[in-house]
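Colleague: just to be clear, the model below is a prediction. Sequence and coordinates:
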Amino acid sequence: MLCCLCWAGNFIVSSWAVGAHPVPPFMLAFIRAAIVMLFMSPFLFMKWPTQWWRLAIVCACVGPIHLAFLYTGLQTAPASGSSIVSQMLIPLATILSVIFLRETIGWVRGLGIIGAFIGTIIMIYEPSALSFDVGLIYILCAYLSLAVGSVMMKTVGNVDWQQYVTWVAVMVFVLMGAASAVFEQDHVAIWQTSKWPLLVAAGYAAVMVSIVAHGQYFKMIAKYDVSIVVPLTLMVPVFACILAVLFRGETIFPRYYIGAALILPCVFIIAKRGKTAPVQED
């Protein structure tokens, strides 16, 4: 649940930074990665797994590819529409895990996933929110990339979460730095006019998302089936609505209560019906 709370906060902070201020998405991702590397640099020297190329693909999907599409989409896509599209992570990751990892989903857990998904749509749906915006296509691509990375993570082997976090940051730092240099302009002027929104968004995302949330997410993926872990992210809209009310003064609509009443018990069912995590040796 801590992961979901951190991600919900990041959705609000990032939307504020790239939507309400002239903050370039690649520059934001670059600074976020630089902050992560300051904290996680000692883990760069951990031994790579034998199939290191799988780790590289996972880090690329979860890191630079996901963030490039996400931050680009958030520049134009409506927040509620983006929240709806982001929930495509659940069916995408579930389908990929069944096809490539041979995971099984019982009918009880399947109903739990469907119920939570319906509750999410009820909670965040607005009739005008899904008007076509190319930004929504970018958001969809972002979560397809995250789904692919989550599934491939199960094939890498025994890799500590610190190593995932560190190498994701390295890839983001290199690739997003290059992309910002090529595709974005006026970096000095942007730093002068939007330094604080940039630092707040990058700092929050670096510590609370990349290190705390992603670290816990990677640990859970290593222990449990993808089809168990990913549906739990349906709690993100619940926390996002709560944070929006607390920090942005947004209105609580009746659909929030109805959606939460569906999501909370269904998420409990998903977690309860999941397989027991294997015991790890010291």
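Modeller: It's in.

Colleague: double-check residue 187 against residue 26; I have them as touching.
Modeller: No - using C-beta atoms under 8 Å, residue 187 is not in contact with residue 26, being 10.2 Å away. Where C-beta positions appear, they are placed from N, C-alpha and C, glycine not excepted.

Colleague: more crowded one of those two?
Modeller: Under the neighbour definition other C-beta atoms under 10 Å, residue 187 and residue 26 were set side by side, and residue 26 has more, 23 against 13.

Colleague: okay, and the nearest residue to the more buried one once chain neighbours are set aside sits in which element?
Modeller: Nearest residue to residue 26, sequence neighbours excluded (C-beta to C-beta, 6 or more residues apart in numbering): residue 180, at 3.8 Å. Assigned by DSSP states H and E, residue 180 falls within helix 161-183.

Colleague: tell me how far stretch 184-199 is from the chain's mean position?
Modeller: Centroid displacement of stretch 184-199 relative to its chain, using C-alpha atoms, centre = their mean, to the nearest Å, is 24 Å.

Colleague: how about stretch 93-112?
Modeller: A distance of 20 Å separates the centroid of the chain from that of stretch 93-112, by C-alpha atoms, centre = their mean.

Colleague: what's the answer for stretch 180-198, then?
Modeller: How far stretch 180-198 lies from its chain's middle: 24 Å, per C-alpha atoms, centre = their mean.

Colleague: now stretch 142-158
Modeller: On C-alpha atoms, centre = their mean, the centre of stretch 142-158 falls 12 Å from that of its chain.

Colleague: pLDDT weak spots in this protein?
Modeller: Applying pLDDT under 70 to the chain flags the ranges 1, 7, 11, 15, 18-20, 78-84, 123-133, 237, 248-252, 270-282.

Colleague: all strands of it, in order?
Modeller: Taking DSSP state E, the chain contains no strands at all.

Colleague: so which residues of it form helices?
Modeller: 2-20, 25-40, 52-60, 66-74, 79-86, 89-101, 107-124, 134-152, 161-183, 187-204, 214-223, 226-229, 236-248, 254-272 (DSSP state H).

Colleague: quick one: buried residues of the helix holding residue 180?
Modeller: Using 16 or more other C-beta atoms under 10 Å as the burial criterion, the residues of helix 161-183 that qualify are 161-173, 175-177, 179-180.

Colleague: would you list the helices of the chain in CSV and tack on distance to residue 46?
Modeller: Formatted as CSV, the helices of the chain follow (distance: least, C-beta to C-beta, whole Å):
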stretch, distance to residue 46
helix 2-20, 22
helix 25-40, 10
helix 52-60, 11
helix 66-74, 22
helix 79-86, 31
helix 89-101, 25
helix 107-124, 34
helix 134-152, 19
helix 161-183, 5
helix 187-204, 25
helix 214-223, 14
helix 226-229, 23
helix 236-248, 30
helix 254-272, 30
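
Colleague: next, count neighbours for the closest residue in space to residue 2 that isn't next to it in sequence.
Modeller: Of all residues not flanking residue 2 in the chain, residue 216 sits nearest, at 6.2 Å (C-beta to C-beta, 6+ apart). Other residues near residue 216 come to 15 when the count uses other C-beta under 10 Å.

Colleague: what sits against residue 216?
Modeller: Contact analysis of residue 216 by C-beta atoms under 8 Å, 6 or more residues apart in numbering lists 2, 3, 161.

Colleague: just residue 100 next, same as before
Modeller: Per C-beta under 8 Å, 6+ apart, neighbours of residue 100: residue 151.

Colleague: the spatially closest residue to residue 40 that is not a sequence neighbour and residue 37: what is the separation?
Modeller: Spatial nearest neighbour of residue 40, chain neighbours left out: residue 166 (4.3 Å); criterion: C-beta to C-beta, 6+ apart. Residue 166 sits 7 Å away from residue 37, going by C-beta to C-beta, to the nearest Å.

Colleague: repeat that for residue 261.
Modeller: Between residue 261 and residue 37 the distance is 42 Å, computed by C-beta to C-beta.
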